[in-house]
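In: coordinates for the following, if possible.
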Amino acid sequence: MPYKEAYFFRGVPVEIGGQKSGSRRRLEYGEMPLDLYLIKLGQAGFLSLPFLGREEGNKSADLWEPRVDPRDGSVITWRWEGQKADRHDYSDCIPLAGRKINAKFNYSQVPLGWTVSILVPQRVKEGIEAAMCQQDEVAHDYGEDVGPEKARVDETFDLLYETSSAFAMGEVRVESDLRALASEAENLFKIHGLLKSRDSIWQRVVTYTLKAANKDSLNRVNPLVSRVRVRAAFLAGTEREMIARSIGTKAEKVYRRLAVIRSGIRLRIKTAVDALDDLCAFSAGKVAQGQIMREGSLTCSVREGWEIEQYIKAISGDVLRGIQPAPYLVPATAARVILIGESCFKNTEEKVVGQNVLKGTDYYTFLDDSAARMLKNHDPLAARERMLKAYTVLKEIIDDPRTTDTRVFDK
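Out: Predicted coordinates for the structure are as follows:
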């Protein structure tokens, strides 16, 4: 059964539910002023799935936007299916919009002369790259060129990655450093046309950046944790801004949205990989920033363990949390569990979903055997082994050549 179908219609007669959203839908489908837009009752549950790349509860999303099934990372795209003029019984459908939508109308007796189209969900189980290939093929068929837009998105995120790395390199120490970096970010956004006004992303970046520089719960400056949180806020804000500015029509529009979301996800995973590398020096030529990791300590004090635990909690909660689609869902969830165990889930419902995501893998065992647990047991070497596993899981998905195939046709 589609995801939480009952929640979509809870307490609302189906016809009235469609009528209430009709005015917005009419604007949304202004390019196709048909008499009725419908979705089959058995597929209406797909409309309860979260929008891919949108914050939970976001009410500004449009119906065309891709959705994601949090249980397996499948990406849901949409297509319209025109109906033959000789069909008149649509009692198995739910009305979404149209010139003739009416809460009191009998949808088993639609006049034969009406123009009707049905919204059809398409589940792409392989995830976001496969969905991009799907939309690229459709766009190619309709003569759209999505190549230049994807190049702009990728270039922008590459530049943002370099900018945010200043935190990992220890170049941000005091408030003036934070302000200077925020100013550089604003200039970068302007160069790439990401700012609608001075208030759109600039205020969020500055606010979150300065907030992350606050002292920790022990009233101490904790630069490792601050840098991770600042980078996460910086990247999340930028991703939201780029999503808001994605434009285009039909398959081109969907492809561009997917390209922005994909680039943001990959950048967040790269950020987590870098943060773990900074802490433990997994790659050649690195010097571990974590003292007990740098010295290869066999044990650690409560405070030392707590400091490292806060760092990996920031990676799990502020950087990797919320990564939705396949093929990134399993590695991101696995890394979060390996780092901090079942505490990475906010509630029981989220835990059940997370356990289902990891079902059939050996990552399940880390729910109560995480790096955070090892730090509480004063065993930094065992914690480092688990952090290396999380680092490897994340790095492998980024380096997997299958995740770079996003186009069917060369442009």
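In: so how far is R336 from V319?
Out: Noted for V319: a distance of 9 Å to R336, by C-beta to C-beta, to the nearest Å. Backbone N, C-alpha and C define where each C-beta goes, glycine included.
In: any low-confidence regions in the stretch 301-411 of the chain?
Out: 407-411 (pLDDT under 70).
In: and the helices in it?
Out: Counting by DSSP state H, counting those that start in this stretch, the segments of the stretch 301-411 of the chain that form helices are 302-314, 329-340, 348-357, 371-376, 380-399.
In: can you redo the ones you listed as a markdown table with mean neighbour count?
Out: Below are the helices of the stretch 301-411 of the chain laid out as a markdown table (neighbours: other C-beta atoms under 10 Å):
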| stretch | mean neighbour count |
| --- | --- |
| helix 302-314 | 20 |
| helix 329-340 | 26 |
| helix 348-357 | 14 |
| helix 371-376 | 22 |
| helix 380-399 | 20 |
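In: need these in TSV with distance to L34, can you?
Out: What follows is these, written out as TSV (distance: least, C-beta to C-beta, whole Å):
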stretch	distance to L34
helix 302-314	49
helix 329-340	36
helix 348-357	37
helix 371-376	55
helix 380-399	42
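In: show me the one of the ones you listed that comes nearest Y107.
Out: Among the helices of the stretch 301-411 of the chain, helix 348-357 comes nearest to Y107, with 34.1 Å by C-beta to C-beta.
In: what helices and strands are in contact with the closest one?
Out: helix 329-340 (3 or more C-beta pairs under 8 Å, 6 or more residues apart in numbering; DSSP states H and E).
In: who touches the helix it packs on?
Out: 70, 72-73, 127, 269, 272, 309, 312-313, 315-317, 320-321, 323, 344, 354, 357-358, 361, 363-364, 366-367, 370-372, 386-387, 389-390, 393-394, 396-397 (C-beta atoms under 8 Å, 6 or more residues apart in numbering).
In: how about stretch 299-311?
Out: By C-beta under 8 Å, 6+ apart, stretch 299-311 touches 216, 222, 224-225, 228, 275, 279, 290-293, 297, 340, 372, 375-376, 378-380, 383.
In: just the buried residues of the residues you listed.
Out: Buried by 16 or more other C-beta atoms under 10 Å: 222, 224-225, 228, 275, 279, 290, 292-293, 297, 340, 372, 375, 378-380, 383, out of the contacts of stretch 299-311.
In: looking at the residues you listed, which are in strands?
Out: Using DSSP state E, no member of the buried ones among the contacts of stretch 299-311 falls in strands.
In: pLDDT below threshold where in the chain?
Out: Checking the chain against pLDDT under 70 turns up 1-33, 57-59, 139-170, 172-175, 178-179, 181-182, 184-186, 188-227, 229-250, 407-411.
In: per-domain residue ranges of the protein.
Out: Here the domain parsing of the chain from automatic domain parsing is 5-125, 147-288+296-404.
In: how about the helices in the stretch 1-150 of the chain?
Out: Using DSSP H, counting those that start in this stretch, the helices assigned to the stretch 1-150 of the chain run over residues 5-9, 14-20, 22-28, 128-141, 147-168.
In: how about the residue lying closest to T404 once chain neighbours are set aside, what does it touch?
Out: Take T404 and drop its neighbours on the chain: the residue closest to it by C-beta to C-beta, 6 or more residues apart in numbering is E129, 7.8 Å away. Contact partners of E129, counting by C-beta under 8 Å, 6+ apart, are R262, P327, R402, T403, T404, D405, T406.
In: by neighbours, which of the residues you listed wins?
Out: Taking other C-beta atoms under 10 Å as the neighbour criterion, R262 ranks highest of the contacts of E129 with 25 neighbours.
In: compute the distance between that residue and G73, please.
Out: For R262 relative to G73 (C-beta to C-beta), the value is 13 Å.
In: swap in L381?
Out: On the measure of C-beta to C-beta, L381 and G73 end up 33 Å apart.
In: what does R386 give?
Out: For R386 relative to G73 (C-beta to C-beta), the value is 23 Å.
In: and what of L367?
Out: In terms of C-beta to C-beta, L367 sits 19 Å off from G73.
In: which of those two has more neighbours?
Out: Using other C-beta under 10 Å, the more surrounded residue of L367 and G73 is G73, with 24 against 19.
In: residue contacts, the more buried one?
Out: G127, Q324, P325, A326, P327, Y328, L329, V330, V357.
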